[in-house]
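Trainee: One predicted model, sequence on top.
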Amino acid sequence: MMKGLKKWRLFSLLAVLTVFLAGCGQQELSTLLPAGQVGKDQFKLLMLSSGIMLFVIIVVVAIYVVALLRFRRSKLGDDFIPEQTEGSQKLELIWTIIPIILIIILAVPTVYYTYKLGDVKAMEEVDDDGNAKHLVVDVTAKLYWWEFEYPDLGIVTAQELVVPTKEKVFFNLKAADVKHSFWIPAIGGKLDTNVENLNKFYLTFDQESKGLKDGVFYGKCAELCGPSHSLMDFKVKTLPRDEFNTWVKNMQATKDKPVVANAAGEEVFKTSCIGCHATSGAGEGGSQGPNLAAFGDRNRVAGFLKHDEKELKEWIKNPQKLKPGNTMPSFENQLSDQELDDLADYLLGLSVEQ
Amino acid sequence: MSSVAQKRSFGAAFWDWMTTVDHKKIGILYLIGGGFFFVLGGIEAMIIRLQLLKPNNDLVSAGLFNDLITMHGTTMIFLAAMPILFGFMNYIMPLQIGARDVAFPFINSLGFWMFFFGGLFLNISWLVGQVPDAGWTSYASLSLASTGHGIDFYAIGLQIAGGGTLMAGINFLVTIINMRAPGMTYMRMPLFTWTTFVASAMILFAFPPLTVGLFFLTFDRMFNGNFFDHTMGGNTIIWEHIFWIFGHPEVYILILPAFGIFSEIFTIFSRKRLFGYPAMVFATVLIGFLGFMVWAHHMFTVGLGPTANAIFAVATMAIAVPTGVKIFNWLLTIWGGSITVTTPMLYALGFIPSFVMGGVTGVMQGAAPLDYQLHDSYFIVAHFHYVIVGGVVLAILGGLHLYWPKMFGTMLNETLGKITFIFFFVGFHCTFLIQHWLGFWGMPRRVWTYMDGQGWNTANMISSIGALLMAIGVIVLVINIIMTVAKNQRVGNDPWHDGRTLEWAIPSPPPFYNFTTTPLVRGLDSVWIEKSEGNMTGLTPAEPVSDIHMPNGSIIPFLMTFGMFVAGFGAMYHQETSWGLPVLIFGLAWTFVAMSARSLQDDLGFHVTKEEIQRDIDNARKGGQF
């Protein structure tokens, strides 16, 4: 029986190795393929701690296997009474001191990175003209969507965070209703959005998202926040600084030059949707529903549905069925099919990138 | 009561179990109650894994899924793992220290009934259709926002069950301090007794914060309190602190007794004294102590600031040192021993690699910046299942096989036991190993479903298949138990032949007064010492045979707890119904009357006479048992 068990162990070890080598996940959301300095720092810690821990596992398993092979009663005979050893100070000292050393090796970089990643002093820095030196994004998590406000730029968007690459981006995080947690796995670790205070941290985005499978990084809500917690996804678009600047300008311009792809759709929007949703990307956050100024540029409807007309109409008709517990009412019986078509057409035309 | 077995009617037997204050019967009640909830929590787990079998699955709704994860966690921790461990503590610990019962038999019974009614209260939520849905941690902003009575069931049910736990903890502490047999010094106590002792001390300090937190939550939800409502000046982070000040020690309350059980198994089936016993004791105490210093590592991502995170990170890593000492001492216990691989030993041997893996991922998460990535991902799900299933549940299953003959006088079938182990062990690694990678690949925990195209499909499928294997293992165990009970082949005092501690020198199951005469303890592993010196009874009496004073059974603990149970419903419904408040008052008054009855009653117990004991000894000799 034990032989079978040993074989199984060997097999499982191989399986683990295969998984380890093949298993780095997908680039847009894997912590094992970090695309930002914060994620890279955390990955370094992961490698260091994994190495130390693998060493510990190997030592333990080695002693364990040898003991199991050598000291079986079937070998030693039924009458064998082993020596009743009380202990060994020397040995016990060794396996107290070596773990302490291993822990120190891990603790030093841990403390270093804790302070490094927690340093948000630069957030307040301003240049000679009094403008903020760094990009700051105010993130507000709501049931079950994300609002991204750029206070220094006077723009606001939702569900799809747009940021420049290769520079520190600072975040102010808070939740509007219940606690959520802001996580972009491929870029860096998460930070909770609490209901009573602002949490601050920074991330850097080293890689442009254009080359990715969907052209975006995936963001997740990591704190249980109700029935649709698992659907509270957002996306992150990373652009080179100059393209980002263009995007900002376009967003600011939506105030005066609204994009109208379908005039009838706009009418429907004005009667049914405008109470909660804005189509101007200029202004402040705090609205009832996600800002739709750049809706046509997005990658997903409601953060998780395919971005096409069919899914969009399904969503408008019955958001409660698709994302239970969110705050958008159903429009199934309020809009005719024609109105729905127009509205979808209009919404998908809301773009700042074309 | 009489020591002579009599044929009794079902009613009388039922009444006996309802009123019992015998630590052994209460231990069995804990095992039955805990076992029932273990199966219930297991079924919930199976539904969870079935739902996550494939992407975009809609086997259960989003709301129901949250009910399931919340009840799975709460049930497994509070209503399965802890009560089953309490069952072992109750049954075995007094035997190991040569006592006739725990210090407060009445309170012992009260503790059990509080656990039972608390668990019942919590699970009635399924029948009402309003189930706790904010996770087993019930973080305040979500638990206050949750509609219906789900969270109320959680708050009141856990309050009742938690009260029972606190009582049991105090009871064990007093028992171990006061009721050790002559010669049983602290440093001669078996390690299971030591871990019971330290776990009980932790209960004493960890459960009051939970009580306070649950009262706050109860007041916030049912009596217009504002402890956690930030719009009214409350603070939700306070709940997180309170919960984890309880919650972190809680995991050590679970794992320490498991360590104790494994220490017994390793020594018995290696025929060897525990290597480095004083270091093991010291490590246990140190773990118990450090266990209170690290709660904020559950809150690294809350935004406590780098200084708090750094301090708690280093403190967390420090716990690895005493735990490592324990692992190596176990390895050196089997090293140079005479190892026989019985079912309990199989569980203990399976425990070492499993728990080491759970332990090292714990240290990885202790590195705060790395935890920013791992926190609330599937990595943490893998980690805590590795320590709780790989540690606590393997100990429970191993302990069940080890102590079954002592408790019931029959042996569980070894072959079926090994089949259970293989299914369970393989299933366990299959379920949870891959979840580490799901976490790395960005899958958050507590997700009801997941979209296709994120690279998580195969891994989730593997994980669900593993869960099925674990379920098969548990089913084989149940079959084993039924067959064993049906066959009813009796065994002697020491069915494993190498018992080292006092419980293996008395009949299986022991008479209700445990020891005919209180034993004299001359060292660690008392029975082993006696036997190796030629005293094959394994016991040296510390006193001549004399009358034994035993407590009377009582129905009052049951009645007292029933009052609280009723009051809970009153509190829950008092805002929307007219009958709520009267029921609340009635329930509390009922409990108070029951308490008064207990206080005013003069119950001096009864004596087992010398003649009865002598007759038992003679009968045992005739039957071939010493």
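Mentor: Noted; the coordinates are in hand.
Trainee: what does the stretch 201-350 of chain A have sitting close to chain B?
Mentor: Counting by C-beta under 8 Å from any C-beta of the partner chain, the residues of the stretch 201-350 of chain A lying close to chain B are A:213, A:218, A:220-231, A:233, A:304, A:324-325. To be clear about C-beta, it is placed using only N, CA and C from the backbone, and glycine gets the same treatment.
Trainee: Please repeat the previous calculation with a cut-off of 7 Å.
Mentor: Listed as neighbours of chain B in the stretch 201-350 of chain A under the rule C-beta under 7 Å from any C-beta of the partner chain: A:218, A:220-230, A:304, A:324.
Trainee: Which helix in chain A has the most residues?
Mentor: Counting residues, the longest helix found in chain A (DSSP state H) is helix A:37-70.
Trainee: how far is it from where the chain is centred?
Mentor: Helix A:37-70 has its average C-alpha position 27 Å from the chain's average C-alpha position, going by C-alpha atoms, centre = their mean, to the nearest Å.
Trainee: List the contacts of the helix or strand following it.
Mentor: Under the assignment DSSP states H and E, the closest C-terminal helix or strand after helix A:37-70 is helix A:73-76. With contacts defined as C-beta atoms under 7 Å, 6 or more residues apart in numbering or on different chains, helix A:73-76 is touched by B:Ser338, B:Ile339, B:Thr340.
Trainee: just to revisit the earlier point, which of the residues of the stretch 201-350 of chain A next to chain B are buried, as a ChimeraX select command?
Mentor: Under the burial definition 16 or more other C-beta atoms under 10 Å in any protein chain shown, those of these that qualify are selected in ChimeraX by:
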select /A:218,220,221,222,223,224,225,226,227,228,229,230,304,324
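Trainee: Please narrow the residues of the stretch 201-350 of chain A next to chain B to those residing in strands.
Mentor: Using DSSP state E, the members of these that fall within strands are A:Tyr218, A:Lys220, A:Cys221.
Trainee: re earlier: let's see if you can find the most crowded of the contacts of helix A:73-76.
Mentor: Top of these by neighbour number is B:Ile339, holding 26 neighbours under the definition other C-beta atoms under 10 Å in any protein chain shown.
Trainee: That one reaches A:Phe71, doesn't it?
Mentor: Yes: B:Ile339 sits in contact with A:Phe71 when judged by C-beta atoms under 7 Å, with a separation of 5.1 Å.
Trainee: in which helix or strand would I find the residue most central in space within chain B?
Mentor: If you average the C-alpha coordinates of chain B and look for the closest C-alpha using C-alpha atoms, centre = their mean, you land on B:Met82, 2.0 Å from that point. With elements delineated by DSSP H and E, B:Met82 resides in helix B:82-96, which encompasses its position.
Trainee: residues contacting the residue in the stretch 351-500 of chain B that chain A sits nearest to?
Mentor: Ranking the residues of the stretch 351-500 of chain B by distance to chain A (C-beta to the nearest C-beta) places B:Tyr372 first, at 2.3 Å. Taking C-beta under 7 Å, 6+ apart, we find B:Tyr372 in contact with A:Gln42, A:Gly189, A:Lys190, B:Phe300, B:Thr301.
Trainee: okay, now residue 80: neighbour count?
Mentor: Picking chain A for this. If you count neighbours by other C-beta under 10 Å, A:Phe80 ends up with 12.
Trainee: look at chain B instead
Mentor: Residues near B:Ala80, counting by other C-beta under 10 Å, number 26.
Trainee: Might one say that it is in contact with B:Phe38?
Mentor: Yes: at 3.9 Å, B:Ala80 counts as touching B:Phe38 under the criterion of C-beta under 7 Å.
Trainee: picking up where we left off before, how far away is the residue nearest to the centre of chain B from chain A?
Mentor: Remark: distance between B:Met82 and chain A (C-beta to the nearest C-beta, to the nearest Å) = 23 Å.
Trainee: what sits against that residue?
Mentor: The neighbours of B:Met82, taking C-beta under 7 Å, 6+ apart as the test, are B:Thr165, B:Leu254.
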